[in-house]
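Colleague: Here is a sequence with its predicted model. Questions after.
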Amino acid sequence: MDAMPVWDVAVRKRLAAADGHRFELDVAFASDARRLVLFGPSGAGKSLTLKAVAGLLEPDSGHVRVAGETLFDSGTNVDAAPQRRRLAYLFQDYALFPHLTVAQNIGFALHGGWRNPSRRERPVAVQRWLQTFELEAQAGNYPDQLSGGQRQRTALARALVNGPRALLLDEPFAALDARLRVHLRRELAELQRQVGIPMMLITHDEADVAAFADEVIGIEAGRVVAAQASAG
């Protein structure tokens, strides 16, 4: 029996904006790439696709399967809640809590509710990621006291602390200046190799494709227009 692909996505969604503009997402792809990049211009439907995979957008029809597990299937009424999909979602701005320390930000993902983690207690899982990403010296610092690389590592540690099956990244470098983008691309690529879990990244920047892609899925106007393995 053939192994299931890491990524198996086929989703359709019609959306209408307040100004009457309509957009139809209709994408389908399957890939075994450990580092898959969805590439295309702004407004192409990349973020909608990523949100459908994460469970933050419910498609009108189709399916989402990651590492052989069905997370959404309109035909069989499967629609796993985002927290049950075990997918780490890294937002553009990292979405760190400014009033929590590095250790608390990482530990927040271990709590089921909105109660802030204790500053004094440090679970074993939090300590592990502080060590893995060399953040022990910054554990008591707040986000505004961190460098760009330290903020990225903190957000990634928070995303990984619950042992997700895959990592989803939404334009992680779009808001950064050019010099910082080069540095953080290199650092994120190394961290992903170190952790080893599958990653799906969306971008409109060809430099991100060159840095990360094992395979590229091109998306324009809500459709897949090209898929190719990376030359690298």
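Modeller: All right, it came through fine.
Colleague: Could you check stretch 4-23 and say which residues are buried?
Modeller: Residues of stretch 4-23 classed as buried: P5, V6, W7, D8, V9, A10, V11, R12, K13 (neighbour count, 16 or more other CB atoms under 10 Å). Any C-beta I mention is one placed from the backbone N, CA and C, and that applies to glycine too.
Colleague: how about it as PDB, C-alpha atoms only?
Modeller: Written as PDB, here are the backbone C-alpha positions of stretch 4-23 (Å, rounded to 0.1, in the frame of the first residue of the first chain):
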ATOM      1  CA  MET A   4       0.000   8.800   2.300                       C
ATOM      2  CA  PRO A   5       1.500  12.200   1.300                       C
ATOM      3  CA  VAL A   6       2.500  14.600   4.000                       C
ATOM      4  CA  TRP A   7       0.200  17.200   2.500                       C
ATOM      5  CA  ASP A   8      -3.100  16.400   0.800                       C
ATOM      6  CA  VAL A   9      -5.300  19.500   0.300                       C
ATOM      7  CA  ALA A  10      -8.300  20.100  -1.900                       C
ATOM      8  CA  VAL A  11     -10.500  23.000  -0.800                       C
ATOM      9  CA  ARG A  12     -13.100  25.300  -2.300                       C
ATOM     10  CA  LYS A  13     -14.400  28.400  -0.700                       C
ATOM     11  CA  ARG A  14     -16.400  31.400  -2.000                       C
ATOM     12  CA  LEU A  15     -16.100  34.700  -0.200                       C
ATOM     13  CA  ALA A  16     -17.800  38.000  -0.600                       C
ATOM     14  CA  ALA A  17     -16.400  41.300   0.800                       C
ATOM     15  CA  ALA A  18     -18.500  44.200   2.100                       C
ATOM     16  CA  ASP A  19     -17.900  46.100  -1.200                       C
ATOM     17  CA  GLY A  20     -19.400  43.300  -3.200                       C
ATOM     18  CA  HIS A  21     -16.100  41.900  -4.500                       C
ATOM     19  CA  ARG A  22     -16.200  38.100  -4.700                       C
ATOM     20  CA  PHE A  23     -13.300  35.700  -4.500                       C
END
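Colleague: wait, what's in contact with E136?
Modeller: L130 (CB atoms under 8 Å, 6 or more residues apart in numbering).
Colleague: Give the phi and psi angles for it, as a check.
Modeller: When quoted as degrees, to the nearest 10, the phi and psi of E136 stand at phi -60, psi -40.
Colleague: quick one: pLDDT of it?
Modeller: E136 is assigned 94 on the pLDDT scale.
Colleague: ok, it to A18 distance?
Modeller: 48 Å (CB to CB, to the nearest Å).
Colleague: Low-confidence stretches in this structure?
Modeller: Residue ranges of the chain with pLDDT under 70: 1-3, 112-117, 175, 228-232.
Colleague: Please name the bridge partners of the residue nearest to the spatial centre of it.
Modeller: Central residue of the chain (CA atoms, centre = their mean): L168, 1.7 Å from the mean position. Per DSSP bridges, the residues bridged to L168 are Y89, M200.
Colleague: Which of the residues in whichever strand or helix holds L25 are classified as buried?
Modeller: Under the criterion of DSSP states H and E, L25 resides in strand 22-31. Neighbour counts over strand 22-31 (16+ other CB under 10 Å) mark L25, D26, V27, F29, S31 as buried.
Colleague: Of those residues, which is the nearest to A95?
Modeller: Taking CB to CB as the measure, A95 lies nearest L25 of the buried residues of strand 22-31, at 23.7 Å.
Colleague: And the closest one, how close does it get to D8?
Modeller: For L25, the distance to D8 equals 17 Å [CB to CB].
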